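**Q** Sequence plus predicted model, see below.
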Amino acid sequence: MDTYSIKKTVKTPEVTLDAGTGILKIVGRSISEHPFEFYTPIIAWIEDYKDVAQPKTVLEVELEYFNTSSFRVLLGLFKKLVDIKSDEHEVEINWKFEDGDESVLEAGEQYQTLIDVTFNLVEIAE
């Protein structure tokens, strides 16, 4: 399975999905007016990855800002990762937020209560 990557824009994050290592990254801003269109190929990749998943899959999310529509689409993406979790497959999400960024922290706390995988809130220096 190929690595999937997208370069960031002013409105969309950089995405790197590496099936070989099981490390997935979403970094930047997610403020597209049509996030479903942006995230659909990413969700499709994760669905395909489920069949060849590494023993441990780690999603690193570091969004400096995202809109409400992106919040909903990301929840759907996270639920696809829950589908990978099994006795043979560990899934971990690291939700990174800058020190003092209460809105991104609160969003992470909301996700943490909704997603049934290891969900770490990771504070990073500004």
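**A** Arrived safely, thanks for sending.

**Q** Glu14 contacts Arg29, doesn't it?
**A** No. Using Cβ atoms under 8 Å, Glu14 is not in contact with Arg29; the gap is 9.8 Å. In short, each C-beta sits where N, CA and C put it, glycine included.

**Q** how about Gly108, what does it touch?
**A** Gly108 is in contact with Trp95, Phe97, Phe119, Leu121, counting by Cβ atoms under 8 Å, 6 or more residues apart in numbering.

**Q** Backbone dihedrals for the first one, both of them.
**A** Here is the backbone geometry of Trp95 (degrees, to the nearest 10): phi -100, psi 110.

**Q** Would you mind giving me the confidence score for it?
**A** We have a pLDDT of 98 for Trp95.

**Q** going forward, begin numbering at 18 instead of 1
**A** All set: I'll call the first residue 18, so the last point we hit is now Trp112.

**Q** returning to what we had before: comparing Glu31 and Arg46, which residue is more hemmed in?
**A** Per other Cβ atoms under 10 Å, whichever of Glu31 and Arg46 has more neighbours is Arg46, with 18 against 15.

**Q** Thought Thr29 was touching that one, still the case?
**A** Yes. With contacts counted by Cβ under 8 Å, Arg46 reaches Thr29, the gap being 7.3 Å.

**Q** Next step: the contacts of Gly125 restricted to helices.
**A** In helices, judged by DSSP state H, none of the contacts of Gly125 are found.

**Q** which ones among these are found in strands?
**A** Among those, the ones falling in strands (DSSP state E) are Trp112, Phe114, Phe136, Leu138.

**Q** Sort out which of the residues you listed are buried, if you could.
**A** Trp112, Phe114, Phe136 (16 or more other Cβ atoms under 10 Å).

**Q** possible to save those residues as TSV with distance to Lys96?
**A** What follows is those, written out as TSV (distance: Cβ to Cβ, whole Å):
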residue	distance to Lys96
Trp112	15
Phe114	21
Phe136	12
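
**Q** That's all I had, so thanks and see you.
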